[in-house]
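In: Got a predicted model here, sequence first, then my questions.
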Amino acid sequence: MEADRIKWNRRYADDDYQMGLRPSQFLAERIELLKTLCPGRRALDIASGEGRNSIFLAHHGFQVTAVDISDRGVEKGERRMKNEGVSVDFRTADLEEYTIAREYDLVINLNFLLRDLIPKEVAALSRGGVILFETILDSPNLQGIHTSHYLLQPGELRRLFIGEPGTILEYDEFPDGNSPTARILFQKRII
Ligand SMILES: C[S@@+](CC[C@H](N)C(=O)[O-])C[C@H]1O[C@@H](n2cnc3c(N)ncnc32)[C@H](O)[C@@H]1O
């Protein structure tokens, strides 16, 4: 949606990295497991922002496609990628209209919620492929102003994956603290 592109381009306008340079903690803590589970190393970063998670995966030997609506975020990701001597296929696109045209061994979906995309992420996985997903959980502790539609409700993330062909390897909700989140690690059925 054009309004999202404009909003996120404004947030990313500065040369500073709004989301920081370090990858998501969940991704960083699971990287060795992901390398074991995803020997094919083809990864898709959903709503990649300024590229921090894509670049981290590229440093770990993944071939990453990164998709985000913000051309400014994509530009910052590309600049950092060149500075760090890694390669990521950054693409500017609206995920509400995006077709995932090939197969991936790993899909990461961090700090972004588009419920209808989840079955498409699962469909795009290779057999035994993995989705690592974490985003904001609605909770009385949540700080700042948020659009309620973009917040997970308690138990919702698990429900979104139940019925998908595969196994929930890990599921957690963290309602306490300033940044409540829910997270899941899902593996597509192997046969
Ligand atoms: C909170 S940021 C998360 C960025 C990244 N996943 C991270 O953790 O650093 C949310 C991202 O979603 C992107 N976004 C919002 N709506 C989108 C849409 N319809 N299609 C693609 N990207 C979108 C924004 O541009 C922004 O980069």
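Out: Sure thing, it's come through.
In: dump the residue contacts of T181.
Out: Contacts for T181 (CB atoms under 8 Å, 6 or more residues apart in numbering) come out as E134, T135, I136, L137, E173, F174. The C-beta positions use only the backbone N, C-alpha and C, and glycine is treated the same way.
In: Recalculate using a threshold of 10 Å.
Out: Shown in contact with T181 (CB atoms under 10 Å, 6 or more residues apart in numbering): 24-26, 110-111, 134-137, 139, 152, 157, 172-175.
In: residues near P39, how many?
Out: P39 has 8 neighbours, counted by other CB atoms under 10 Å.
In: If you could redo that for A66, that was the one I meant.
Out: With neighbours defined by other CB under 10 Å, the count for A66 comes to 29.
In: Tell me which helix or strand it sits in.
Out: Here A66, judged by DSSP states H and E, is contained in strand 63-68.
In: So for that strand, mean pLDDT?
Out: On average, the pLDDT along strand 63-68 is 98.
In: Over to stretch 133-141?
Out: 95.
In: ok, I55 to the ligand distance?
Out: From I55 across to the ligand, the span is 10 Å (CB to the nearest ligand atom, to the nearest Å).
In: can you offset everything so residue one is 539?
Out: In the new count, where the first residue is 539, that last one comes out as I593.
In: so what's that residue up against?
Out: Going by CB under 10 Å, 6+ apart, I593 touches 559, 561, 583, 586, 602, 604, 615, 618-619, 621-622, 624-626, 628.
In: Buried among these? Need that as a selection in PyMOL.
Out: Command for PyMOL, covering only those of those found buried under the criterion 16 or more other CB atoms under 10 Å:
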select buried, resi 561+583+586+602+604+615+618+619+624+626+628
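In: where exactly do the helices run in the protein?
Out: Secondary structure of the chain (DSSP state H): helices at 540-549, 563-575, 590-597, 609-622, 656-662, 694-699.
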